[in-house]
Each structure stands twice: as C-alpha cells, then as structure tokens.
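K.L.:
coordinates for the following, if possible.
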Amino acid sequence: MADAFVSFAVQKLGDFLIQQVSLRKNLRKEVEWLRHELFFIQSFLRDAEQKQCGDLRVQQWVFEINSIANDAIAILETYTFEADKGDDDEFASRLKACACIYRKEKKFYNVAEEIQSLKQRIMDISRKRETYGITNINNNAGEGPSNQVTTLRRTTSYVDDQDYIFVGLQDVIQKLLAELLKAEPRRSVLSIYGMGGLGKTTLARKLYTSPDIASSFSTRAWICVSQEYNTMDLLRNIIKSIQGRTKETLDLLERMTEGDLEIYLRDLLKERKYLVVVDDVWQREAWESLKRAFPDGKNGSRVIITTRKVDVAERADERGFVHKLRFLSQRESWDLFCRKLLDVRAMVPEMESLATDMVEKCKGLPLAIVVLSGLLSHKKGLSEWQKVKDHLWKNIKEDKSIEISNILSLSYNDLSSALKQCFLYFGIFPEDQVVKADDIIRLWIAEGFIPRGEERMEDVAEGFLNELIRRSLVQVTNTFWERVAECRVHDLLHDLAIQKASEVKFFDVYDPRSHSISSLCIRHGIHSAGERYLSSLDLSNLKLRSIMFFDPDFCKMSLINFRSVFQHLYVLYLDMHDGNKSIVPDAIGSLCHLKLLRLRGIHDLPSSIGNLKNLQTLDVISVYAFYCQLPRETVDLINLRHLVAQYTKPLVHISKLTSLQVLDGVACDQWKDVDPVDLVNLRELRMVSIKKSYSLNNISSLKNLSTLTLCCEDYDESFPSLEFVNCCEKLQKLWLDGRIEELPDLFSNSITMMVLWQSRLTEDPMPILGMLPNLRNLKLDGAYEGKEIMCSDNSFSQLEFLHLRYLEKLERWDLGTSVMPLIKGLGIHNCPNLKEIPERMKDVERLKRNYM
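P.N.:
Below is the predicted model of the structure:
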C-alpha cells in the first residue's frame, strides 16, 4: 500500500513542477531529484510490503518512505500557497515589491533547506534497502495505476444478495420467530451467541425486519453496545429511536442524569408492546445497566441480545431463551461458497478439489467462507487457485483449526494498493457504524485515492466500493435505485483494518483512557472526548491531512487551531451533536488545501469559506434550523463538485460553480433566478420547497442531468408544469414528491427509474408511464386516487420492479397479456381495497416494504 502513497507524492511533485513555471532553477533541480528518487524507490515497495509482515525492520522502512512522501507534499503545498499570496492585488504587490522579494527568497531558502533534509532521509533509506535485502520485483511500478485499478469501473448497477448467510439456517429463523411471537405475556430475553463471523447480527436483523415481527410489535428499537460503551448514550439512543429526534426531546435528554434516563425510558415503554435488540454485548455489566429500563408490562414484550460470550447469554434472563448459533455443515459451507462465487461454471474438477480443501479449513464459519469465495472469484485458472491454497496453508499446522485472520489477511493482501487504502479507510469510523456510500466515495476522492483519468472519479470510486463488496470485505446495509446507498464492515474486518492501518501508520484513533494518539499518523479519528484531544495534546508539530470527529458531545470549534495545527488538512469531518449549534470561526478560511468539509450541527458559515479554492465537497447539515446560512462567497469555490446543504440565502451566481456535479438541498426560491446553462457538469439535483407559482423550466438547460429529485413545499402544494422533463435528454432517475395536477404526456425516453410520491393523481398514470421505453423501476406511493389502473398490451416493456403503496382507493388492476415481460419483483402494500392481483403477477417475487 505504500506504493499508493509514493505514487500520489510523485504525481503531486510533477504537478508542482508544471504549475510553478517561474521556480528558481536550483529549487527546480531539487524537486526533480526528489521526484526521481521517490519514483525509483517505488519499484522496490511491493517486495518490501510482502516482507514487512514478518520483519519489523522492513515495516519501519516502509513507514519511513510514507513519511517522506507525505512531508514532501506538505512542504510543496505550503510553498505554493505562500508564493501565490497577494498575486490578485497588483497595486499592493507593487507597493510591497521589496518585502515580497525578501519573503519569497526566505521561502525559497526554507523549502530548499527542508528538501535537503528529505534528501538525507532518502539516502538513509537506500542504504537500509540493501541491508534488508529488498529487491526490485515490480518493474512496472510507478508507471501509473495497475490494470486492476483502472478496470474497476461501474459497468453495472449493484444488486444486493438475498440472505446468503442463511444457507441451511431457515429452520433457526422459524424457531426464533416462534419464540418471539409465542403467547407468553412476560417480558423475556432471547439471547443469540457464538463466535465472530457466524452471523449473529445478521440473524438478529432478519428477525427484527420480519413482517410478522413488524406487525406484532408496535415499538421497536436497535442499539449496538460493543466493547466500549456508555450507558447514558445507549439509553438516549433507545429513547430517540422510539420518540424521534425533535429539538425538545434532544434538549431534554441532554439535561438528564443516568437515573432520569432510565425512568424516562421505563415510562415510555410501560404501556407498549416492544422489541429491543441489544447487539454485540461483551460484558454482563452492560446488560445489567440497561435491563432495569425495560419494564415488564405483561404484554409479550421481548428483548434480543447478541453476544460472543456464553455467560452473557445464559445469565441475561433466568427464564429466557438461549440459542447458540452453530457452524455450517460441510454441505452447507460448500453451498454458501458456490453461491458467492462469481462464476461457478469456470470451476474445473481440479479447481473444485482445491476449493473443497480450502472451504473445509474454514470450519463452517460463514464470514470466512464468503471472504474466501470473494478472493477466489478474482483468481483465474488452476495455478492461481493453487497459489491461494499454498498461502493459506503457510504457517498453519494440520492439527490446528485455521484462524479467520489468515483468510481475511489473505484477501486484504490480494488487493491493489489503491483498494487497500480504500478498505483501510473504513477502520477510522466507529465500530458497527453504517457509512453512506456517497460519504465514503467523496472521502476517497478528497484523500487522493482515486486516480484521475477519462472517467469521472465518482464512477471509479463507486467501482472500487463495488469491488470491495464483491470480495465480501464490505457489507451492504441498504440499496437505493439499484445502487449501494449504505454499507459497513464486519467487526472482525474492522479490527483487521485497524491492525493493518497501524502497521503502516495510515491512521490512528484517539484513546481517551490513555490520553494518547500517534504523532506519526497523518489521519486522526476522534470517537469521544474531542475537547480533551484538542486542548490537552500537543499537535503543533504534526502535518495532519485528515481529522474526523465522531464525538456527539463535541461543540467547541473554537478549540481547533486552524492556522497552524490544521493548515495541511485535506479532510475535516465533524459529525457533531445536532443540538450543539457550534459557531464556525473565520479562521476556517485559512485551510487552503482543504478538499472535503463536512459539518453536522451548525447553522451558518463565515464568508471566509470562499477562500477554500481547493474544496471539492461541502456538506452542511443543520438539523434544528432546517436551513443553514451559506455566504455569497460560496460561489467562489471554483473546484466544488458536491454541494449538500439546505440553505436560505440565494446564491445568485451559482452558475460560476462550473465543476459542480451534485447540488442537494437547494430551495426553489433560491433556484428560480438561476441561469444554469454553465452548470455543464451537474449530474444530480435535489430541489425542495417547490411551489406551483414557480417555473422549473430552466432545469431543461442542465444537459448532463441524470438524477432529479423535486419536493413540494407542503402537502397541499402542487407542482408547476412538468413539461420540461421531456427536454432532459440524459435524465435516468426521477423522484417527484408532491401533488401533480396533470401528468405530462411525454417524459424523457432515457428515464429508467421513477418514484411518484403523494402525487394524488386523479387520472390513471399507467397509459403514460407504460410507454417509457427504458423504465425498469417504478414506485407509486400515494400517487393515484382512482379505483382502477389499466396496463395495456406491449406497455412497460423493460419494467423489472413495480411497487404500489398507499393506493387506498384502488380496487381493480387490469393487465394485458404482453405487459411487463421482464418483471422480477412486485410490492403491494397498504392497498386495502384491491380485490385481486392479476393471475400472471401472483408468482412474481414479493418485494419488501423498504426495497427502494
């Protein structure tokens, strides 16, 4: 993975030489030398990385290279920023000509001095390379991204797997459902235990989302405990999931003691029939601290606990039900392996024999099996599979069961350098955290993990994510419109990411117990005690590239020393409590290298935000105020690609943001006077607060728009004319939320997915929608108030998924014989008067409520 760090540094050094055309000759030579040496060292890195697992000296050698690469980038970025200061003010520059010359000479001297220091470090590294016997086995290193990286492209939409982990366990699901639904009025605990990787959490979620459970328990909540837990936070999370996250509730909860929270939750639950899942309990004390808050109303309430420890499971409830999750049988293991293998038909008998041996060594552990299958799916031919087996067997004695870490590490080691970085990045998030796909993609881009090329970086990054999913290193938790919407990593893989990241100093997470964090890492994660991290640690000598706060209690942004400690930042990710209402200081405008800024729990931004010329992503969430204040200087962010913020003040010159690809949250009255003709790169637009009195016709000027979401201001508001949609030639995904008085006769033929939400149409929409030649996915939710829909012959020729929901007056559905020839899934929910489903639709797979 060090190859990726050095490759990035080589690229940045090359960019610097191109951009700084007036660079002093001596300094240019120094930079060229540095770039050449790093390029040369890059050719030895793969051999070093293969050896570093068994040799701490080689690990240190690799780390030193990473450190030099990062220091080189920091030095040149600082020089570039200082050299460019004041260039826009010609008059001031002339007045201060002498001072400028002096400052630039001093800056040149400082940079040259720092590069000399780097040169000495590189010479030391070269000597150590010979000492450690690191040879050049990667002749093509440094010539650009590997073939594997460049071919990881989003060629198809992601389709979620169907409960693969439950091979052979359907009987268990039915058994546990019966236990939860039995006519036992006493509140009881169902405990599921077993080692990591058996699928405890997945099984619990299968039960939690079961339609029978949803209809039987009016109140449900889910919390994850993990090894490091805080009882007050757990109680608050349960209350929030039951009662919602209103400002009043959050303010009230923050003022409560632990005893108050316990009483409040008991009162909230005492009249309800509830199901609460307490996931990943490591200590008995964790459950003991919670159970008093779960009252026994003698109404059949239930609690599900998942744990790795048998004593936690058995002592949770003396009269409760305990289920030990078993390992898969040999037949079930092979079935699971084949289901996850991308091309079973390519497995010749000799390969099958190798695979049988490897699957047997997984000892029936589902996670190990799916990871192994994901690894072998990307190995072609018998010899490649033999190599996997040889590595798998190395250091493993036949009289011992295989450690899952061997398989996980093998799959990790098989990744390209770029994919290793992308996988490790999941480790900086808190354990069990669900991560939005858009967030991780934008973070990867900001960090420089995604190579630039002909294809959009967002598409390449999405291909990387799908590749990690195909290899079973990342789990999908939610899909939307046939794309991954949310994902996570299993806790064992999370541990692996932390372990591997520690070896190469990729990131470190602040430990509030020892009050420590590595000064050698350029990325810091803070999961708690953020104020102590900032106020008590000496961060002045660090060249931090990324800092990510996941501390809900952090609110004092004034503690952040933007001008010195954080001056090299690429990523500032502040996931703060909704109610903190932090004030963003003007000094944030000094983060000249910043590429991603994510702020949760703030209301407005200072005008200095316009100084962040390198910013690619601005993501601002203001939950209480609903809208945030963006200064007019926001339009000076010329490299901005993703603007996610619901804001109040109009950005009159928003068309200056010609790099913009995603605009999410703009209100209609801020958009109405915009001339979008220059927004040539805009692909996704989400507009809110639409009124009938506004015209949306200027949206047709967005020639590359592919995803459009439009939301009316309130339930009684209607859309203006939607005729413009027919002019959006590249539009593929359309979501309309609000009343539609008249559906347009024509929609763009390019549309593949559509949602009509609360449209309350009085005319049957099917004759118009059925003529869309490429429509694959259609959801009508409260969209029609009539009694009959008619799908004529030859309509919906490409439709694969149809969801009808809250069509409360619908009584009849007429279906022609040649309609929907490709239909795969059908969901019908809350259509109480629909007398009968057409005969041909009765065998179509039923869709879950949340499939969209």
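K.L.:
just give me the neighbour total for residue 248.
P.N.:
Using other Cβ atoms under 10 Å, residue 248 is surrounded by 9 other residues. From N, CA and C alone the C-beta is placed, and that goes for glycine too.
K.L.:
an error on my part: the question was meant for residue 485.
P.N.:
Residues near residue 485, counting by other Cβ under 10 Å, number 16.
K.L.:
now do residue 279
P.N.:
Neighbours of residue 279 under the rule other Cβ under 10 Å: 20.
K.L.:
skipping its backbone neighbours, what lies nearest it in space?
P.N.:
Nearest residue to residue 279, sequence neighbours excluded (Cβ to Cβ, 6 or more residues apart in numbering): residue 224, at 4.6 Å.
K.L.:
next up, the contacts around that neighbour.
P.N.:
Neighbouring residues of residue 224 by Cβ atoms under 8 Å, 6 or more residues apart in numbering: 279, 280, 431, 432.
K.L.:
which of those residues tops the neighbour count?
P.N.:
residue 280 (22 neighbours).
K.L.:
that one against residue 228, yeah?
P.N.:
No: shown here, residue 280 and residue 228 do not form a contact pair, counting by Cβ atoms under 8 Å, at 11.0 Å.
K.L.:
and the residue lying closest to residue 470 once chain neighbours are set aside, how many neighbours does it have?
P.N.:
Once flanking residues are discounted, residue 470 sits nearest to residue 374: 6.1 Å by Cβ to Cβ, 6+ apart. A count of nearby residues for residue 374, using other Cβ under 10 Å, gives 21.
K.L.:
again with residue 819
P.N.:
22.
K.L.:
wait, it sits on residue 791?
P.N.:
Yes: using Cβ under 8 Å, residue 819 is in contact with residue 791, at 4.5 Å.
K.L.:
surely the residue nearest to residue 470 and residue 336 touch.
P.N.:
No: with contact defined as Cβ under 8 Å, residue 374 does not count as touching residue 336 (11.8 Å).
K.L.:
with adjacent residues omitted, what lies nearest to residue 387?
P.N.:
Leaving aside its sequence neighbours, residue 387 sits nearest to residue 379 (Cβ to Cβ, 6+ apart; 7.6 Å).
K.L.:
now swap in residue 830 and tell me
P.N.:
Per Cβ to Cβ, 6+ apart, closest to residue 830 is residue 806, 4.7 Å.
K.L.:
try residue 194
P.N.:
Going by Cβ to Cβ, 6+ apart, residue 194 has residue 325 as its nearest residue, at 3.6 Å.
K.L.:
what number of residues lie near the one you found?
P.N.:
For residue 325, the count of nearby residues is 16 (other Cβ under 10 Å).
K.L.:
next secondary structure after the helix or strand that contains residue 192?
P.N.:
For residue 192, the element it lies in under DSSP states H and E is strand 188-193. Next along the chain after strand 188-193, taking DSSP H and E as the criterion, comes helix 200-208.
K.L.:
contact partners of that next one?
P.N.:
For helix 200-208, contacts defined as Cβ under 8 Å, 6+ apart pick out 163, 165-166, 169, 172-173, 176-177, 180, 192-194, 213, 220, 222, 275, 277, 279-280, 304, 306-308, 325.
K.L.:
repeat that for stretch 778-789.
P.N.:
Defining contact as Cβ under 8 Å, 6+ apart, one finds that stretch 778-789 is touched by 753-766, 769, 796, 799, 801-807, 809-814, 833, 852.
K.L.:
now do the end-to-end distance for that stretch.
P.N.:
By Cα to Cα, to the nearest Å, the extent of stretch 778-789 from end to end equals 14 Å.
K.L.:
which parts of it count as buried, going by neighbours?
P.N.:
778, 779, 780, 781, 782, 783, 784, 789 (16 or more other Cβ atoms under 10 Å).
K.L.:
ok, of the residues you listed, which one's closest to residue 127?
P.N.:
Distances from residue 127 to the buried residues of stretch 778-789, taken as Cβ to Cβ, are shortest for residue 779 (64.6 Å).
K.L.:
rounded mean pLDDT for the one helix or strand that closest one maps to, please.
P.N.:
Here residue 779, judged by DSSP H and E, is contained in strand 777-781. Throughout strand 777-781, pLDDT has a mean value of 96.
K.L.:
please state the offset of the next helix or strand after that strand from the chain centre?
P.N.:
Next in sequence after strand 777-781, counting helices and strands by DSSP H and E, comes strand 788-791. Its chain's average C-alpha position is 40 Å from that of strand 788-791, according to Cα atoms, centre = their mean, to the nearest Å.
K.L.:
ok and the helix or strand that strand 788-791 is followed by relative to strand 777-781, angle-wise?
P.N.:
Using DSSP H and E, the helix or strand that follows strand 788-791 in sequence is strand 801-805. Put simply, strand 801-805 runs at 0 degrees to strand 777-781, going by axes from the mean of the first three to the mean of the last three Cα atoms, to 10 degrees.
K.L.:
what residues of the helix or strand just after strand 801-805 count as buried?
P.N.:
With elements assigned by DSSP H and E, the helix or strand that comes after strand 801-805 is strand 812-815. Within strand 812-815, the residues scored as buried using 16+ other Cβ under 10 Å are 813, 815.
K.L.:
report the distance from strand 812-815 to the chain centre.
P.N.:
On Cα atoms, centre = their mean, the centre of strand 812-815 falls 41 Å from the chain's centre.
K.L.:
stretch 744-755 too?
P.N.:
Offset of stretch 744-755 from its chain centre (Cα atoms, centre = their mean): 29 Å.
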